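Enquirer: fold the following.
(one chain, ligands or ions: 2)
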Amino acid sequence: MDQKIKIAPSLLSADFTNLKDEIAQCEEGGADLLHLDIMDGHFVPNITFGPMILEHIRKITTLPISTHLMIAKPDEYIPQFAELGSDYISFHCEAVAHIHRSLQLIRSFGKKAGVALNPLTPIEFAFEAAEFADFILLMTVNPGFGGQEFISNFFNRIDKLVNYFQKNSIYNIEIEVDGGIKIENAKTIAESGANILVSGSGIFNGNIIENLKKIKQLFM
Ligand code: DX5
Ligand code: ZN
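Expert: Ligands and ions are numbered 1, 2, ... in the order given. Modelled structure (predicted):
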């Protein structure tokens with residue numbers, strides 16, 4: 001898989017009193033996607049924001065939006081998040097009974113469908129889903145909060161995933177990685193086979209444009 005490396009700032013770490021300006025800074029720094037973390041206080045022990053915020057964000061940026069649903073009943077909300085302008089939508093395999101159905105639902109809106117796996121969820125779930133998904137989201141922290149430490153069993157997991165894709169000639173699928181990604185580890189993570197790197201605190205703590213440019217520079 002030789003996919004372009006895409007950097008996706010996670011707005012969870014943005015300053016929401018200054019959101020419009022911080023999104024403009026993401027654009028100026030060269031962000032490829034915006035990552036929106038939707039949390040419901042059930043699937044994860046935190047609550048963020050819902051479709052209304054997506055609706056507003058969609059109006060102020062042309063960047064593609066990747067919506068990461070960390071919610072207990074994603075199927076009930078996927079239509080809304082699709083219609084309001086998400087380009088990529090992922091849900092957690094741990095949250096649904098019918099992974100195939102949820103992927104189909106996202107694709108029925110013409111959106112890229114992804115399944116997210118927590119750090120200790122067997123990677124084989126992604127093998128089975130690959131045929132029906134546009135991307136796999138590998139969590140490298142326990143979902144719920146920004147600013148946590150990267151869990152390094154990821155490298156073993158992505159090796160297995162990439163091997164599976166190669167053996168089965170699966171080329172047109174993207175791998176998104178989320179949690180604890182900073183300038184220091186971004187290159188190694190991308191070299192392991194991931195192509196969408198989400199970063200929250202690594203981009204929004206400090207100078208957003210400079211942080212983004214430094215990460216982008218790694219892949220020029
Ligand atoms: C965690 C979220 C992440 C989070 C990443 O549950 O899914 O997208 O914003 O934040 P950092 O990059 O600070 O670990
Ligand atoms: Zn996320």
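
Enquirer: can you pull out the strands in this structure?
Expert: All strands of the chain, identified by DSSP state E, fall at 6-9, 34-39, 65-70, 88-92, 112-117, 135-139, 174-178, 196-199.

Enquirer: pretty sure residue 212 sits against residue 9.
Expert: Yes: using C-beta atoms under 8 Å, residue 212 is in contact with residue 9, at 7.0 Å. C-beta: built from backbone N, CA, C; applies to glycine.

Enquirer: got any residues that touch both of the two?
Expert: Here residue 212 and residue 9 share the contacting residues 26, 31, 203, scored by C-beta atoms under 8 Å, 6 or more residues apart in numbering.

Enquirer: mind naming the longest helix for the chain?
Expert: Looking across the chain with DSSP state H, the single longest helix is helix 154-167.

Enquirer: returning to what we had before: using a markdown table, please lay out the strands of the chain together with mean neighbour count and mean pLDDT.
Expert: What follows is the strands of the chain, written out as a markdown table (neighbours: other C-beta atoms under 10 Å; pLDDT from 0 to 100):
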| stretch | mean neighbour count | mean pLDDT |
| --- | --- | --- |
| strand 6-9 | 26 | 98 |
| strand 34-39 | 24 | 98 |
| strand 65-70 | 26 | 98 |
| strand 88-92 | 27 | 99 |
| strand 112-117 | 23 | 98 |
| strand 135-139 | 24 | 98 |
| strand 174-178 | 24 | 98 |
| strand 196-199 | 27 | 98 |
